[in-house]
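> Pasted the sequence and its predicted model underneath.
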Amino acid sequence: MHKPVVREAEEKMKATVEATRHELSTLRTGKASLAVLEPVRVDYYGTPSSLSQVASLSIPEPRLITIQPWEPKMIGPIERAILEANLGLNPSNDGRLIRIPVPQLTEERRKELCKKAREFGEKGKVAIRHIRHEARETLEKRTKSKELPEDERDRGFEQIQKLHDHYIDEIAKSVSKKEADVMEV
């Protein structure tokens, strides 16, 4: 029975693609995106919290992010957390609302971000290859212990390879799309 091994490999590969897409979403393009702020953690009464847990986030304009803290005294800690996250963003506030203008990316910064996107993609591809390798090893072990006939193992190998090729392609498409978004002026 090679099907459970193939199914498990597919689930892991899907999760890897989603994780890679999530990482790619944190890269800043020239447009405002709340995903850019996901890595930011604010000290909320001694507990590191995400921005969405301490404030309302919105994008009123294509190049502007606004943050409305639930508590006015959180403005300072939120601004500090954004600056410490080193995202290249400069928040400003009027005492009630934090505004973050999203600057136009320089050509150099665009190239850096594309390089980072390719790194995320490569990391995802390596994980997919590793999942394929583990699944093939499992099938091989089951064949050696006579749990699985060789023809079943070979069918499993074939299915796992098809999954591998499909998910590697998904990651490549996601990286290409992100690079296109980043390079778009």
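Alright, I've got the coordinates.
> going forward, measure contacts and count neighbours with C-alpha atoms only.
OK.
> Show me what counts as buried in whichever helix or strand Glu152 is part of.
Counting by DSSP states H and E, the element that carries Glu152 is helix 150-183. Residues 153-154, 156-157, 159-161, 163-164, 167-168, 170-172, 174-176, 178-179, 181-183 are the ones in helix 150-183 that count as buried (16 or more other Cα atoms under 10 Å).
> so what's the nearest residue to Ile131 once chain neighbours are set aside up against?
Distances taken as Cα to Cα, 6 or more residues apart in numbering put Ala9 closest to Ile131, at 6.2 Å, once the chain neighbours are dropped. Each residue near Ala9 by Cα atoms under 8 Å, 6 or more residues apart in numbering is listed here: 131-132, 135, 160.
> Just the element for Ala9, please.
With DSSP H and E as the test, Ala9 turns up in helix 3-25.
> got the CA positions of that helix in CSV?
Extracted C-alpha coordinates of helix 3-25, given in CSV (Å, rounded to 0.1, in the frame of the first residue of the first chain):
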residue,chain,number,x,y,z
LYS,A,3,-1.1,5.4,-1.1
PRO,A,4,-0.7,6.5,2.5
VAL,A,5,2.9,7.4,1.9
VAL,A,6,2.1,9.3,-1.2
ARG,A,7,-0.8,11.1,0.5
GLU,A,8,1.4,12.1,3.4
ALA,A,9,4.1,13.4,1.1
GLU,A,10,1.5,15.4,-0.8
GLU,A,11,0.2,17.0,2.4
LYS,A,12,3.7,18.0,3.4
MET,A,13,4.4,19.4,0.0
LYS,A,14,1.2,21.5,0.0
ALA,A,15,2.2,22.8,3.4
THR,A,16,5.6,23.7,2.1
VAL,A,17,4.2,25.6,-0.8
GLU,A,18,1.9,27.5,1.5
ALA,A,19,4.7,28.3,3.9
THR,A,20,6.8,29.6,0.9
ARG,A,21,3.9,31.7,-0.3
HIS,A,22,3.5,33.1,3.2
GLU,A,23,7.2,34.0,3.3
LEU,A,24,7.0,35.7,-0.1
SER,A,25,4.0,37.7,1.1
